[in-house]
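Q: sequence? don't have it. structure:
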């Protein structure tokens, strides 16, 4: 049977995969509204479970490794939530920044903490897919913008 801690980590990977898919699709100019809403629910549920299961609702426990990580990752959560209330172009940028922040944290976590090391390969693959797709979209946009400026 799956424990709440196992569910918490599984939701983290599922939310990260949805975030990567959303960032690639938003970068392609097709904001995935339904996928993004579902992914955001998964992410908020994951964060809620982290607070309940790992931190036992203790701010001291949540900031035990220092306030910087706490502020950065909750800042990414804020970007994710705010992305639902802004124009699609702005939302896409917020999603991209959140993806970058979450990627750094996810990669660090799977190499630092034994309890999530099992997710190392999926996280690396999701990070690579999301980053590659995002980079491809920005390169395509830069090439298109350069052609529009030429006489």
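A: Looks like it arrived, so ask away. Remember, it's a predicted structure, so these values are computed and weren't measured experimentally.
Q: in the longest helix along the chain, which residues are buried?
A: Assignment by DSSP state H gives helix 120-149 as the longest helix of the chain. For helix 120-149, the neighbour count (16 or more other C-beta atoms under 10 Å) marks 123, 126, 127, 130, 131, 133, 134, 137 as buried. For every residue, glycine as well, the C-beta is placed using N, CA and C.
Q: ok, stretch 76-87 next?
A: For stretch 76-87, using 16+ other C-beta under 10 Å, the buried residues are 76, 77, 79, 80, 83.
Q: turn the residues you listed into TSV, including pLDDT.
A: Converted to TSV, these look like this (pLDDT from 0 to 100):
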residue	pLDDT
76	96
77	97
79	97
80	97
83	94
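Q: and of those, the nearest to residue 111?
A: residue 76 (18.8 Å; C-beta to C-beta).
Q: output the contacting helices and strands for the host helix or strand of that closest one.
A: Using DSSP states H and E, residue 76 maps to helix 67-82. Helices and strands touching helix 67-82, by 3 or more C-beta pairs under 8 Å, 6 or more residues apart in numbering; DSSP states H and E, are helix 33-49, helix 88-112.
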